[in-house]
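J.: Okay, sequence plus prediction incoming.
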Amino acid sequence: MSRVFPYPLLTASLVTMWLLLTSFSLGQFIVGLAVALVAAQGMAALHPSKPRLRRWDLIGKLVVTVLYDIVRSNIDVARILLQGSRRPNTSGFMTIPLELRDPTALALLAVILTATPGTAWLDYNASRGTLLLHVFDLVDEETWYELIKTRYEHLLMEIFE
């Protein structure tokens, strides 16, 4: 059974998403199930490592923190764009050393930083443990450094490492 459905939650999620995006009919269910089964088999062929969560209780705090930061960042970016040429452009790149080593936690940090308007994860150097980040409004590098280290990295390390 696990060969046919190696990732049952992924399969169910993909079928559900397929039906939400198309129409609820038997034909669409069959097509969605076929797509989900092929995707699950492709995922199984990659042999991803299973994440090990140490602190489940902190996941809610992480979600609330990220959602709050996304809303706040949307407002800040909109304010900057609406001000137009009245405000000088202060975007830039910065390198942040990370202590985080868990691949799942690093991937989650990449998603968080890229999903937050005004920031983009550009590169991660695994040998040096450094992150290259682009910030749309880089006024104070120390503020961004502290934000990522204390707000995200510390929390992700508690959850995953």
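T.: Looks like it came in fine. It should be emphasised that the depicted structure is a prediction, and the values quoted were computed from it without experimental measurement.
J.: So the protein: which segments form each domain?
T.: 8-46, 56-160 (automatic domain parsing).
J.: okay, those domains in CSV with mean neighbour count and mean pLDDT next?
T.: Where C-beta positions appear, they are placed from N, C-alpha and C, glycine not excepted. Formatted as CSV, the domains of the chain follow (neighbours: other C-beta atoms under 10 Å; pLDDT from 0 to 100):
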stretch, mean neighbour count, mean pLDDT
domain 8-46, 14, 90
domain 56-160, 14, 89
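J.: Which helix runs longest in the protein?
T.: Criterion DSSP state H: the longest helix present in the chain is helix 59-83.
J.: If you count contacts, what does that helix end up packed against?
T.: helix 103-115, helix 154-160 (3 or more C-beta pairs under 8 Å, 6 or more residues apart in numbering; DSSP states H and E).
J.: Please report how far residue 35 lies from residue 24.
T.: Applying C-beta to C-beta, to the nearest Å, the value for residue 35 to residue 24 is 16 Å.
J.: swap in residue 71?
T.: Residue 71 is 32 Å from residue 24, by C-beta to C-beta.
J.: Go ahead and flag the most central residue of the chain.
T.: residue 111 (1.9 Å; C-alpha atoms, centre = their mean).
J.: show me what contacts that one?
T.: Taking C-beta atoms under 8 Å, 6 or more residues apart in numbering as the definition of contact, residue 111 has no neighbours.
J.: Same check on the one 4 residues further on?
T.: Residues counted as contacts of residue 115 (C-beta under 8 Å, 6+ apart) are 66, 70.
J.: Could you measure from it over to residue 56?
T.: 22 Å.
J.: swap in residue 68?
T.: Counting by C-beta to C-beta - residue 68 and residue 56 are separated by 20 Å.
J.: and if you look at residue 126?
T.: Distance, residue 126 to residue 56, by C-beta to C-beta: 27 Å.
J.: Repeat that for residue 107.
T.: Applying C-beta to C-beta to residue 107 and residue 56 gives a distance of 18 Å.
J.: With residue 90 instead?
T.: Counting by C-beta to C-beta - residue 90 and residue 56 are separated by 39 Å.
J.: got it, and residue 145?
T.: Taking C-beta to C-beta as the measure, residue 145 falls 28 Å from residue 56.
J.: Quick check: neighbours of the helix or strand just after the longest helix of the chain in the sheet, parallel or antiparallel?
T.: Next helix or strand after helix 59-83 toward the C-terminus (DSSP states H and E): strand 92-97. The pairing partners recorded for strand 92-97 under DSSP bridges are strand 130-135 (antiparallel).
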